[in-house]
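**Q** no FASTA, just this:
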């Protein structure tokens, strides 16, 4: 069979019809897959975004440390400044309204046990920001035996633990 005969055979209407049908089926399959993927992922992305941006975060510590921690959170563009609240010793009752509490161990005037007892439920996350070695073993044990508490040594690690705490506690509060 020579070249022209092979071309003539492949240009037969039967081959043309099957070729166009298979091309059409491939396009429909790709569009369907993309549509189903977006249909499944879009609600998840919206819930994930709402879990981070609409939650109240309280920071317990001095004014300077509050500004520093707030800058770390807002510079990430994940959290908005309006949802971050400074909690001082006289306003520790604000802990009840928060969904995540970050405690600066060095500058906090509020005892950790009153913060842990003031939160509205065990689903509220508490992150203790402390330098390495500044927590005594009994204090570390006390914090470790509470649900949804994290001890962080570095500001860079704080952002990751804040996101994780908000995601893991979101569904009980939704």
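**A** Looks like it came in fine. Please read all numbers here as calculations on a predicted model, not as lab measurements. Numbering: from 1, shown residues only.
**Q** going by C-alpha atoms from here, please, whenever you check contacts or count neighbours.
**A** Will do.
**Q** buried set for stretch 73-84?
**A** Neighbour counts using 16 or more other C-alpha atoms under 10 Å place 73-74, 79-81, 84 of stretch 73-84 among the buried residues.
**Q** out of the residues you listed, who's nearest residue 26?
**A** Closest to residue 26 out of those is residue 79 (42.0 Å), distances taken as C-alpha to C-alpha.
**Q** contact partners for the closest one?
**A** Counting by C-alpha atoms under 8 Å, 6 or more residues apart in numbering, residue 79 makes contact with 52-53, 73.
**Q** sitting in helices, which of those residues do you find?
**A** Residues of the contacts of residue 79 located in helices (DSSP state H): 52-53, 73.
**Q** can I get the residues you listed in JSON lines including pLDDT?
**A** JSON lines is the format used below for the ones in helices among the contacts of residue 79 (pLDDT from 0 to 100):
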{"residue": "52", "pLDDT": "73"}
{"residue": "53", "pLDDT": "74"}
{"residue": "73", "pLDDT": "89"}
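**Q** what's the neighbour count on residue 85?
**A** Other residues lying near residue 85 total 18 when counted by other C-alpha atoms under 10 Å.
**Q** before we move on, which element is the nearest residue to it once chain neighbours are set aside in?
**A** Nearest non-adjacent residue to residue 85, counting by C-alpha to C-alpha, 6 or more residues apart in numbering: residue 58, 4.7 Å away. If you go by DSSP states H and E, residue 58 is part of strand 57-60.
**Q** who's in contact with that strand?
**A** Identification of contacts with strand 57-60 by C-alpha under 8 Å, 6+ apart yields 66, 69, 83-88, 94-95, 98-104, 108-110.
**Q** who's in contact with residue 78?
**A** Applying C-alpha under 8 Å, 6+ apart, one finds that residue 78 lies in contact with 52-53.
**Q** relative to residue 152, how far out is it?
**A** Taking C-alpha to C-alpha, to the nearest Å as the measure, residue 78 and residue 152 are separated by 19 Å.
**Q** now residue 135
**A** 11 Å.
**Q** same check, this time on residue 160
**A** Separation of residue 160 from residue 152 (C-alpha to C-alpha): 10 Å.
**Q** and for residue 125?
**A** Distance of residue 125 to residue 152, computed by C-alpha to C-alpha: 13 Å.
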